[in-house]
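Novice: I'll drop the sequence and a predicted model, then ask my questions.
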Amino acid sequence: MRKIVLALVLTGLSLASCPVFANDVVKVASAQKGFWDTTILLYGERAGLFKAQGLDLEITWTNGGAETEQAVISGSVDIAAANGILGAIAAHAKGAPVRIIAAESTGVTDLFWYARGDSGLKSFGDLDGKTVGFSSPGSSSNMVALALIAQAHVSAKPVATGGAPGTLTQVMSGQIDVGWAVPPLHFDLIDQGKIRIIGRGSDIAEMRDQTVRVFETNTTTLAAHRDILIRFFRAYQKTLDWAYREPEALVQFAADNKVSLEQAHRARDEFYPQSALALAPISNLDLTVKQAIELKRLSAPLTAEQVRELIDIVYDPRTDK
Amino acid sequence: MRVSTILGLATVAAAAALLELLVASGVLPAYIFVRPSAMLFSIVGLFREEALLERLLVTLGATLLSAAMAVVSGVSLGWALYRCRLLDEVFGTWIAALAAAPLILLYPLFLVVFGRGEPTIIAMAYVASLVAMTLKTRDGLAGVRSVLRAVGASFRVTPAQLFWRIELPAAAPAIFTGIRLALIFALINVIGIEFMINDGGIGGLIADLADRYEVPSMYAAILFVVLASVAFFWATERAERWFNPA
C-alpha cells in the first residue's frame, strides 16, 4: 500500500513539472499603470487572451524612462512596454542590446494641458510669462509642451513637475500655471469647471503621425524566443480589437481609475483612437531623431544601418492572416 | 605621505585596472559596467556641456545650508534634551525612532508644501540631518565626566561658563561626529531628492544622464559625489582638530 501511494505521489510530481502542460511565461515591464494604453495588456491577460496563445504574463509596473529601459537591457524582463522611443534610441546608440519590436503609441492624442478654471487662461496663446508643466526632461510631455509653446509663439517657461497627480496639486496651489495630464485623470474637475483644458498633444500637426512610445526587447530574447514574441503580439492585437469592441475592458478601466463608465468612454474615444495604438509601423522616425539630437539623446543622426538594426517589427497585423 | 594612504590609493588603482581589463576584454558587458578610462575622459564633457561645476555648487549649497540649519537647531535641541530630563523622557525615544523612519517617502507631502525645487530639497535634507545632530549632542553632553563638572564647581564658574568652557569642549568629539553625520545625511538626501524629482544639482544631472543612457558620464558624476563626501569628512576632521587640539 505504501509503495502504491509513493508511486502515485511521484507520478503526480513529475506530471506537475512536465513542461508540456505549462504556458510560456513572458515578463513584461510596463510604465504608468492606470493609463488606457499601458494597462490594456493587463485587461487582455485577465480576459484570457494571452493564455489562448499559450502565454502567462508577469507584469512589472515601473515609472517609465530609464527604469523600464534598464529592466529590459539587463534581461530582468523580456519586453519593455510603453517606453519612450527617445530612450530606446539613446540606449541602442550607446551600444545597449535592445531592439524596437513594435509601436505602442503613435501621435500624442492622450496628452492634455489644463489651467485653473478661475485663471482666465483659455489657450496656449495666453501663456506669456506663465509656467507650463511636463513630467520629466526628455519625456513625450516635455517634447509636446515645448512644441505647444513654440506653436503659440509665447514666452512660457516649461517646468518639470513629475507625475500627473502631483502636477494637479501644484496647479491648484498656484505653484505653476498650467499642468499636464492624461485621461481619465481630472475629468471630474473639468466637468465641475475647476480646471479647463487649454491645449492637447493632438494640436501639434507634425507629431500626429509620430510614434512616441514603443515595445522593446533585448537581443538575447529576440534571438532565442522570437516565436513567443510573435504570439505575444498576436494576443496583444486581439486584446486591442476586443477592448475597442466589447465593454469589459472599459468597465475595468473605469473601476481601476474610480471614474464613471461615461468618463471612461470619453477618455478612450476622444483621446485613445485605436489607430493610435497600432503595432506597426514606427512612424516619422526622422522627427524623432531630430528631437533626440536636440535633447542630447543622440550626437548625430542614425545611419540607415543603425535604423535597420534598431527596428525589428516581429509582428505586423496588417500582413498577418 | 603615510603608508596607509599609499596603500589605499594603490588598492583603488588596482581595482580600477582590473575593471578596465574585464570590460575591455568583454568579460563584463560594456553597456552596464563602465571602463574607468571612459569615465575619466567623460569628466571634461561634464564640465563643458553639463555645467557640472554649477550643479556641484547647487548640491553643495543645499547640503551645507540644510546641514548648518540642522547643526544649529540640533545642538540646541540636544542641549534641551540633556538639560530637561522630562523633555528627554517624553521626546527622546520618538526622536531616536525618527532615525530609522524612511522620511524620504514623505517627499510628495513636502512637494505640496514647499513646491518642486530647492526648498523641498533643503527641507527634507534638514529633517533627515536633524535627528543625528540632536542625539549626538545629547549623548555627548550626557557623557561629560562628572569630575570635570566638579572641577568647574570648585572654581565657582557660572552656568554659562560651565557650558562653554567645560561641557562643550568635553562633548566636542560627539558633537563633531554629529556634524559629520548631519553633513552626510544632508548630502545623501539632497542628491536623492534631486534624483527623484529630476531637478537641481548633481542628483538631477545623474537622473538626466541615466535617462539619456550616458553611462560613463553618469558614473563620473557619481564619482564627484563620493569625492564631495570625502572632502566633507576631511574638512570636519580638520575643524575638530582646530577646535579641540588635545
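Specialist: Sure, I can see it.
Novice: Tell me where the model's unsure across chain B.
Specialist: The model of chain B has pLDDT under 70 over residues B:246.
Novice: quick one: the helix ranked longest in it to chain centroid distance?
Specialist: When chain B is parsed with DSSP state H, its longest helix is helix B:52-83. Taking the mean of its C-alpha atoms, helix B:52-83 sits 9 Å from the chain's own mean (Cα atoms, centre = their mean, to the nearest Å).
Novice: helices or strands up against whichever helix or strand comes after it?
Specialist: Using DSSP states H and E, the helix or strand that follows helix B:52-83 in sequence is helix B:85-98. Contact here means 3 or more Cβ pairs under 8 Å, 6 or more residues apart in numbering or on different chains; DSSP states H and E; on that basis helix B:85-98 packs against helix B:52-83, helix B:118-142. To be clear about C-beta, it is placed using only N, CA and C from the backbone, and glycine gets the same treatment.
Novice: Return the most buried member of those helices.
Specialist: helix B:118-142 (a mean of 24; mean count of other Cβ atoms under 10 Å in any protein chain shown).
Novice: buried ones in the helix or strand that contains B:Thr5?
Specialist: Assigned by DSSP H and E, B:Thr5 falls within helix B:3-24. Neighbour counts over helix B:3-24 (16 or more other Cβ atoms under 10 Å in any protein chain shown) mark B:Leu19, B:Glu20, B:Val23 as buried.
Novice: ditto for stretch A:192-201
Specialist: In stretch A:192-201, counting by 16+ other Cβ under 10 Å, buried: A:Ile195, A:Arg196, A:Ile198, A:Gly199, A:Arg200, A:Gly201.
Novice: Could I get the contacting residues of the residue nearest the centre of chain B?
Specialist: Taking Cα atoms, centre = their mean, the centroid of chain B lies closest to B:Ile184, which sits 1.3 Å from it. When contacts are counted by Cβ atoms under 8 Å, 6 or more residues apart in numbering or on different chains, B:Ile184 touches B:Ser229, B:Phe232.
Novice: Tell me, how many residues neighbour the residue nearest to A:Ser299 when sequence neighbours are not counted?
Specialist: Excluding the flanking residues, the one nearest A:Ser299 by Cβ to Cβ, 6 or more residues apart in numbering or on different chains is A:Ile293, at 7.3 Å. Residue neighbour count, defined by other Cβ atoms under 10 Å in any protein chain shown, stands at 14 for A:Ile293.
Novice: List the residue ranges of the stretch 101-250 of chain A that fall below the pLDDT cut-off.
Specialist: In the stretch 101-250 of chain A, no residues with pLDDT under 70.
Novice: Show me which residues of it are close to chain B?
Specialist: Within the stretch 101-250 of chain A, the residues that sit near chain B (Cβ under 8 Å from any Cβ of the partner chain) are A:Ser136, A:Pro137, A:Gly138, A:Val159, A:Ala160, A:Thr161, A:Gly162, A:Gly166, A:Thr169, A:Gln170, A:Ser173, A:Gln175.
Novice: Repeat the analysis, applying 6 Å as the threshold.
Specialist: A:Ser136, A:Pro137, A:Gly138, A:Ala160, A:Gly166, A:Thr169, A:Gln175 (Cβ under 6 Å from any Cβ of the partner chain).
Novice: Give me the subset of those lying in helices.
Specialist: A:Gly166, A:Thr169.
Novice: And the residues of the stretch 101-250 of chain A next to chain B, which two are furthest apart?
Specialist: A:Gly138 and A:Thr169 (23.0 Å; Cβ to Cβ).
Novice: higher neighbour count, those two?
Specialist: Neighbour count, other Cβ under 10 Å: between A:Gly138 and A:Thr169, A:Gly138 has more, with 25 against 18.
Novice: Touching, the more buried one and B:Tyr213? I think so.
Specialist: No - applying Cβ atoms under 6 Å as the test, A:Gly138 and B:Tyr213 come out as separate, 10.6 Å apart.
Novice: what kind of secondary structure is the residue most central in space within chain A in?
Specialist: Residue closest to the average C-alpha location in chain A (Cα atoms, centre = their mean): A:Ala82, at 2.7 Å. Look at A:Ala82: counting by DSSP: H, G, I helix; E, B strand; the rest coil, its state is strand.
Novice: Enumerate the residues of chain B near chain A.
Specialist: So chain B meets chain A at B:Tyr31, B:Leu111, B:Val112, B:Gly115, B:Asn198, B:Asp199, B:Asp208, B:Ala210, B:Asp211, B:Arg212, B:Tyr213 (Cβ under 6 Å from any Cβ).
Novice: Taking these, tell me the two that lie furthest apart.
Specialist: B:Tyr31 and B:Val112 (38.2 Å).
Novice: Please determine how far the nearest residue to B:Gly78 once chain neighbours are set aside is located from A:Glu248.
Specialist: Leaving aside its sequence neighbours, B:Gly78 sits nearest to B:Thr137 (Cβ to Cβ, 6+ apart; 2.6 Å). According to Cβ to Cβ, to the nearest Å, B:Thr137 stands 62 Å off from A:Glu248.
Novice: for the stretch 1-150 of chain A, what spans make up the helices?
Specialist: A:2-16, A:36-46, A:66-73, A:85-93, A:140-152 (DSSP state H, counting those that start in this stretch).
Novice: ok, residues contacting stretch A:213-233?
Specialist: When contacts are defined by Cβ atoms under 6 Å, 6 or more residues apart in numbering or on different chains, stretch A:213-233 is touched by residues A:24, A:26, A:53, A:55, A:72, A:75, A:78-83, A:85, A:88, A:97-105, A:279, A:314-315.
Novice: buried residues in that stretch?
Specialist: Buried residues in stretch A:213-233 (16+ other Cβ under 10 Å): A:213-218, A:221-222, A:225, A:228-229, A:231-233.
Novice: Next up, phi/psi of A:Gly199, please.
Specialist: phi -170, psi 150 (degrees, to the nearest 10).
Novice: cool, the one 10 residues further on as well?
Specialist: Its backbone dihedrals place A:Asp209 at phi -110, psi 20, with angles given as degrees, to the nearest 10.
Novice: Surely it is in contact with A:Ser283?
Specialist: Yes - assessed by Cβ under 6 Å, A:Asp209 is found in contact with A:Ser283 at 4.8 Å.
Novice: Looking at those two, which has the bigger crowd around it?
Specialist: A:Ser283 (17 against 13).
Novice: Quick one: residues contacting A:Glu104.
Specialist: A:Ala82, A:Arg213, A:Val214, A:Phe215.
Novice: wait, is the residue nearest to the centre of chain B part of a strand?
Specialist: No - in this structure, B:Ile184 is helix, not part of a strand, as judged by three-state DSSP.
Novice: Excluding chain neighbours, give the residue nearest to B:Phe233 in space.
Specialist: With Cβ to Cβ, 6+ apart, the residue lying closest to B:Phe233 is B:Arg180, at 6.5 Å.
Novice: quick check: angle from the helix or strand encompassing that neighbour to helix B:118-142?
Specialist: Secondary structure assigned from DSSP H and E places B:Arg180 in helix B:168-197. For helix B:168-197 against helix B:118-142, the angle by axes from the mean of the first three to the mean of the last three Cα atoms, to 10 degrees is 150 degrees.
Novice: following helix B:168-197, which helix or strand comes up?
Specialist: helix B:202-211.
Novice: what does that following helix rub up against?
Specialist: If you take Cβ under 6 Å, 6+ apart as the criterion, helix B:202-211 is touched by A:65-66, A:137-138, B:50, B:55, B:59, B:191, B:194-195, B:198, B:217-218, B:221, B:225.
Novice: same deal with stretch A:54-61?
Specialist: A:Asn23, A:Asp24, A:Val25, A:Val26, A:Lys27, A:Val28, A:Ala29, A:Ser30, A:Lys33, A:Glu45, A:Phe50, A:Arg231.
Novice: got the buried residues for it?
Specialist: Result for stretch A:54-61 [16+ other Cβ under 10 Å]: buried residues A:Leu55, A:Leu57, A:Ile59, A:Trp61.
Novice: Export only the CA atoms of stretch A:179-199, formatted as PDB.
Specialist: Taking C-alpha atoms only, stretch A:179-199 is exported to PDB below (Å, rounded to 0.1, in the frame of the first residue of the first chain):
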ATOM      1  CA  GLY A 179      -0.400  71.300 -15.700                       C
ATOM      2  CA  TRP A 180      -0.300  68.200 -17.800                       C
ATOM      3  CA  ALA A 181      -2.300  65.000 -17.600                       C
ATOM      4  CA  VAL A 182      -3.700  62.100 -19.400                       C
ATOM      5  CA  PRO A 183      -7.300  60.900 -19.300                       C
ATOM      6  CA  PRO A 184      -9.300  60.000 -17.400                       C
ATOM      7  CA  LEU A 185      -7.500  61.900 -14.800                       C
ATOM      8  CA  HIS A 186      -9.200  65.100 -13.600                       C
ATOM      9  CA  PHE A 187     -12.300  64.600 -15.700                       C
ATOM     10  CA  ASP A 188     -14.400  65.300 -12.700                       C
ATOM     11  CA  LEU A 189     -12.700  68.600 -12.100                       C
ATOM     12  CA  ILE A 190     -13.100  69.500 -15.800                       C
ATOM     13  CA  ASP A 191     -16.800  68.700 -15.600                       C
ATOM     14  CA  GLN A 192     -17.100  70.900 -12.500                       C
ATOM     15  CA  GLY A 193     -15.300  73.800 -14.200                       C
ATOM     16  CA  LYS A 194     -12.500  73.800 -11.700                       C
ATOM     17  CA  ILE A 195      -9.900  73.200 -14.400                       C
ATOM     18  CA  ARG A 196     -10.100  73.800 -18.100                       C
ATOM     19  CA  ILE A 197      -8.300  72.100 -21.000                       C
ATOM     20  CA  ILE A 198      -6.200  74.700 -22.900                       C
ATOM     21  CA  GLY A 199      -4.100  72.500 -25.100                       C
END
